[in-house]
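Peer 1: all I have is the shape, not the residue letters:
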DNA sequence: GTCTATAGCCGGATAGAC
DNA sequence: GTCTATCCGGCTATAGAC
């Protein structure tokens, strides 16, 4: 499996995500023609995600968004009822992206070591394909209200748990040397996050996601496989 | 070396840092009595750093800062000439913290493996002691203007280079197995950053910085030491 | 559905009293 | 040195025309 194969086999797309958003927000989105709504949602969200990467959601005024997306202030407000709802919308959807994809990928694998490699690789490929979303989820979670922030924390802990489970399974059957599963999962997550948080660095150095994945997997293998 | 020893031997303190800031900003800081100025700077900076951790610098209004610090708007403006200058001031000072400390710690060590362990440990201890500053440097660097942002990037690459050098030295003399030095340094940095970016997580799990340091060092050793 | 115009508010910054 | 009072620009959000 390499990134191109992964990408071509994936059904994820901005179109799909925005259609999902449209269907889940039938009450607040005032535009009734699905085709129009989805088209504009794609424009809006792409613009917001780009702003977030270049500066931040907070620093983006709705006038900025209006200008950059080509939609008027009035038009924007028929897709969300406040700037904060727009933030929530993207955060919530961002969290759902890929839930299930990694679990499905590792489901049919009996060997913990191979399971771990697959989980790492799929996570990296997913974050490569959906980088803007992952970046936004990480960097813009601070401005959320308390309940939304709790959800964000739970999502972080949930994906970490996937790694903890694999690590404990591997330790139990002697495939991994005895290591602190929770701490190991934490730093694995840190390595995965670095890929989408510091894309500028890896781009500048011409590191591809395949190289990064191979490297991280080798590094983890060396650190935890039983001898 | 453990964290307590490190902490007690360190001369770093809010007082020292603020005195340095006061001396470097003699032109913009209108308050002439050093004792008064330093005392208020400590209050101001502590308040700002706390805001950054709880929400963000952007989300903090100067009225918020005024209320929380107990200083009036007018008083605040005798310590900086604009909100943006306040940001720059903290960023610049934050970057200087600990430059030299890590280099000094590893200077007298001949063995690359031991050098690497020391660099990791000192970096973690330093970021533990100065967590607010490290957090601020990382999270609030996006709002900087272009020149300040370049400096921030250079600082990131500079500390990374320390690790690259150690890794290449160790690979050259056969102490480390052949690994991609730049990528290895990157993920080591990611592990170090996780400590101060996700303090809430480690606190919740009762992981101390000593435990984290021991763990990370062991993990890296296992991954890169030649067999 | 989308636009323009504008209400109403909030935040950064300053002037001048004490 | 520090305060209060105030200016003014830019922001979110809405009203109403097309």
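Peer 2: That came through fine. Because the structure is a prediction, the values reported are computed rather than measured. Numbering: from 1, shown residues only, chains lettered A, B, ... in the order given.

Peer 1: flag every buried residue along the longest helix anywhere in chain A.
Peer 2: Scanning chain A for the longest helix, with DSSP state H as the assignment, gives helix A:146-172. Along helix A:146-172, these residues count as buried under the neighbour rule (16 or more other C-beta atoms under 10 Å in any protein chain shown): A:148, A:152, A:155-156, A:159-160, A:162-171. Every C-beta, even on glycine, is put in place using the N, C-alpha and C of the backbone.

Peer 1: the residues you listed also near chain B: which ones?
Peer 2: Applying C-beta under 8 Å from any C-beta of the partner chain to these, one finds that residue A:156 fall near chain B.

Peer 1: pull the distance from the longest helix of chain A to the chain's centre.
Peer 2: 14 Å (C-alpha atoms, centre = their mean, to the nearest Å).

Peer 1: so residue A:72 touches residue A:62, yeah?
Peer 2: No: with contact defined as C-beta atoms under 8 Å, residue A:72 does not reach residue A:62; the gap is 10.4 Å.

Peer 1: looking at these two, which one has more neighbours?
Peer 2: Shown here are residue A:72 and residue A:62; by other C-beta atoms under 10 Å in any protein chain shown, residue A:62 has more neighbours (14 against 11).

Peer 1: for DNA strand C, what are the nearby residues on chain A?
Peer 2: A:30-33, A:36-37, A:40, A:70-75, A:78 (C-beta under 7 Å from any atom of the strand).

Peer 1: for DNA strand C, state which of the residues you listed is nearest.
Peer 2: Nearest to DNA strand C among the residues of chain A next to DNA strand C is residue A:74, at 2.1 Å by C-beta to the nearest atom of the strand.

Peer 1: which residues touch that closest one?
Peer 2: With contact set as C-beta atoms under 8 Å, 6 or more residues apart in numbering or on different chains, residue A:74 has no partners.

Peer 1: after whichever strand or helix holds it, next one along is what?
Peer 2: Assigned by DSSP states H and E, residue A:74 falls within helix A:73-76. Sequence order places helix A:83-96 as the next helix or strand after helix A:73-76, per DSSP H and E.

Peer 1: chain center to the helix or strand following that following helix, what's the gap?
Peer 2: Where DSSP H and E defines the elements, the next helix or strand beyond helix A:83-96 is helix A:101-107. Computed by C-alpha atoms, centre = their mean, the chain-centroid distance of helix A:101-107 equals 15 Å.

Peer 1: output the contacting helices and strands for helix A:101-107.
Peer 2: If you count contacts as 3 or more C-beta pairs under 8 Å, 6 or more residues apart in numbering or on different chains; DSSP states H and E, helix A:101-107 packs onto helix A:112-129, helix A:146-172.

Peer 1: any chance of those in a markdown table, plus mean pLDDT and distance to residue A:195?
Peer 2: Below are these laid out as a markdown table (pLDDT from 0 to 100; distance: least, C-beta to C-beta, whole Å):
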| stretch | mean pLDDT | distance to residue A:195 |
| --- | --- | --- |
| helix A:112-129 | 98 | 6 |
| helix A:146-172 | 97 | 14 |
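
Peer 1: mind checking which of those is nearest residue A:194?
Peer 2: helix A:112-129 (10.2 Å; C-beta to C-beta).

Peer 1: is chain B contacted by the closest one?
Peer 2: No: in terms of C-beta under 8 Å from any C-beta, no part of helix A:112-129 sits within range of chain B; the closest distance is 11.9 Å.

Peer 1: run through who's touching that helix.
Peer 2: Contacts for helix A:112-129 (C-beta under 8 Å, 6+ apart): A:1, A:3, A:6-7, A:10, A:12, A:97-98, A:101-102, A:105-106, A:109, A:134, A:159, A:162-163, A:166-167, A:169-170, A:173, A:175-176, A:188, A:192, A:195-196, A:209, A:212-213, A:216-217, A:220-221, A:225.

Peer 1: try 6 Å this time
Peer 2: A:3, A:6-7, A:98, A:102, A:105-106, A:109, A:134, A:166, A:169-170, A:175, A:192, A:195-196, A:209, A:213, A:217 (C-beta atoms under 6 Å, 6 or more residues apart in numbering or on different chains).

Peer 1: just stretch A:53-72 next, same as before
Peer 2: Residues beyond stretch A:53-72 that count as contacts (C-beta under 6 Å, 6+ apart) turn out to be A:43, A:44, A:47, A:51, A:73, A:76, A:135, A:140, B:58, B:142.

Peer 1: in that stretch, which residues are buried?
Peer 2: A:53, A:56, A:57, A:58, A:60, A:65, A:66, A:68, A:69, A:71.

Peer 1: now the terminal residues of that stretch, how far apart.
Peer 2: For stretch A:53-72, the separation between the terminal residues is 23 Å (C-alpha to C-alpha, to the nearest Å).

Peer 1: how far does that stretch sit from its chain's centre?
Peer 2: The answer for stretch A:53-72 is 21 Å, by C-alpha atoms, centre = their mean.

Peer 1: is any residue of it near DNA strand D?
Peer 2: Yes: against DNA strand D, stretch A:53-72 shows contacts by C-beta under 7 Å from any atom of the strand at A:60, A:61, A:62, A:63, A:64.

Peer 1: distance of the fourth one from residue A:77?
Peer 2: Distance, residue A:63 to residue A:77, by C-beta to C-beta, to the nearest Å: 13 Å.

Peer 1: so what's the residue count around residue A:127?
Peer 2: By other C-beta under 10 Å, neighbour count at residue A:127 equals 23.

Peer 1: centroid-nearest residue for chain A?
Peer 2: Among the residues of chain A, residue A:134 comes closest to the average C-alpha position under C-alpha atoms, centre = their mean, at 3.3 Å.

Peer 1: thanks a lot, see you next time.
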